[in-house]
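Trainee: give me the fold of what follows.
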Amino acid sequence: MKYKYLKISILAIVLIGLSVFSFHQNQSRDVLDITVHFEQNGARFMTTDSVNKLLTVKKTDTTNLLKSELNLRKMESILNQNHFIESAHAYLGIEGGVGIKIQEKTPIGRVMGSPGFYIDDQGNQMPLSPFYSARVPFVSSQVTNQNRGDVYSLLSFISKDGFLKTHIVEIEQQKSKWFLTTRNQSLTIELGKPEDLERKFNFYKAFYVKTLQDQTLSSYASVSLEYSNQVVCKKI
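Mentor: Numbers count the residues shown, from 1 in each chain. Take a look at the predicted model:
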């Protein structure tokens with residue numbers, strides 16, 4: 001009986017020893033490389049090289065570090081501070097590599113100027129990228145603390161509507177009123193104040209479909225949506 005207990009004790013010690021040895025071996029294994037995966041729309045405003053360079057500049061180059069020295073949360077923190085990144089998730093692969101999943105921010109408008117910048121879908125400012133130019137409406141007016149909310153609400157509404165997203169190419173403020181330029185048309189939309197947008201754009205869509213069917217759309221210079229329950233049009 002004592003011999004049996006002795007065998008079990010020895011076996012347990014051996015298994016624990018192997019587990020500890022395996023753990024330390026795994027922890028001391030060299031990190032092979034970093035694999036960057038861009039989610040959803042893929043890489044647009046950044047590249048794999050720019051991500052690696054960002055980590056290197058911040059002295060978090062992991063290619064020569066051991067697993068036990070890695071601080072994945074620190075890597076995520078560094079990446080999440082970048083103006084192009086919405087979220088970053090770093091993890092360890094089975095073979096010793098580091099994986100990074102990156103979700104880039106989504107711009108909904110581009111403010112013209114020097115330098116210009118994007119406004120993202122959270123209403124925050126986002127710099128331009130040397131790698132990609134987003135196809136979003138231009139904002140030709142200066143964006144200030146006073147009109148930033150109006151700019152965001154208008155761009156946000158346009159970005160969520162499939163038709164308007166491709167149809168509107170520019171928005172501009174003149175005093176308290178907003179004017180929209182349409183794609184491939186010499187037609188200006190006089191929106192007025194950026195309020196009651198669903199009703200106003202529904203009126204515009206009805207006007208657009210009707211004049212498209214009648215083949216008269218090109219004869220109009222502007223369409224005003226600022227008045228209640230009516231559309232006021234001006235011909236060329």
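
Trainee: where does this structure dip in pLDDT?
Mentor: 1-32, 57-70 (pLDDT under 70).

Trainee: that one: strands as residue ranges?
Mentor: Under the criterion DSSP state E, the chain contains strands at 34-38, 85-92, 98-104, 107-111, 117-120, 125-127, 138-139, 168-174, 177-182, 188-192, 220-224, 232-235.

Trainee: could you list the residues in contact with the third one?
Mentor: In this case it means strand 98-104. Among residues not part of strand 98-104, those counted as contacts by CB atoms under 8 Å, 6 or more residues apart in numbering are 31, 33-41, 43-46, 51, 62, 70, 72, 75, 79, 84-93. Heads up, the C-betas are built off the backbone N, CA and C, glycines and all.

Trainee: filter those to the buried ones?
Mentor: Among the contacts of strand 98-104, those classed as buried by neighbour count (16 or more other CB atoms under 10 Å) are 31, 34, 36, 38, 43-46, 51, 62, 70, 75, 79, 84-86, 88-90.

Trainee: residues touching the residue nearest to the spatial centre of the chain, list them.
Mentor: Averaging the C-alpha coordinates of the chain gives a centre point, and the residue nearest to it by CA atoms, centre = their mean is residue 105 (1.7 Å). Residue 105 makes contact with 45, 83-86, 120-122, 124, 126 under the criterion CB under 8 Å, 6+ apart.

Trainee: how far away is the closest residue to residue 115 other than its chain neighbours from residue 229?
Mentor: Once flanking residues are discounted, residue 115 sits nearest to residue 128: 6.9 Å by CB to CB, 6 or more residues apart in numbering. To residue 229, residue 128 is 41 Å away according to CB to CB, to the nearest Å.

Trainee: show me which of those two is the more surrounded one.
Mentor: Neighbours per residue, other CB atoms under 10 Å: of residue 128 and residue 229, the larger number sits with residue 128, 16 against 6.

Trainee: isn't that one up against residue 112?
Mentor: No: with contact defined as CB atoms under 8 Å, residue 128 does not count as touching residue 112 (10.8 Å).

Trainee: for residue 178, name its beta-bridge partners.
Mentor: Applying DSSP bridges to residue 178 gives these bridge partners: residue 173, residue 192.

Trainee: now the one 4 residues further on
Mentor: Residue 182 forms beta bridges with residue 168, as assigned by DSSP bridges.

Trainee: was I right to think it contacts residue 164?
Mentor: No: at 9.6 Å, residue 182 and residue 164 do not qualify as touching, with contact defined as CB under 8 Å.

Trainee: care to break this structure down by domain?
Mentor: 34-104, 107-235 (automatic domain parsing).

Trainee: compute the first-to-last residue distance for the longest one.
Mentor: If I follow you right, that is domain 107-235. Using CA to CA, to the nearest Å, the end-to-end distance of domain 107-235 comes out at 34 Å.

Trainee: the shortest one now?
Mentor: Across its full length, domain 34-104 reaches 18 Å end to end, with CA to CA as the criterion.

Trainee: chain center to it, what's the gap?
Mentor: Using CA atoms, centre = their mean, to the nearest Å, we find the averaged C-alpha position of domain 34-104 to lie 17 Å away from the chain's own average C-alpha position.
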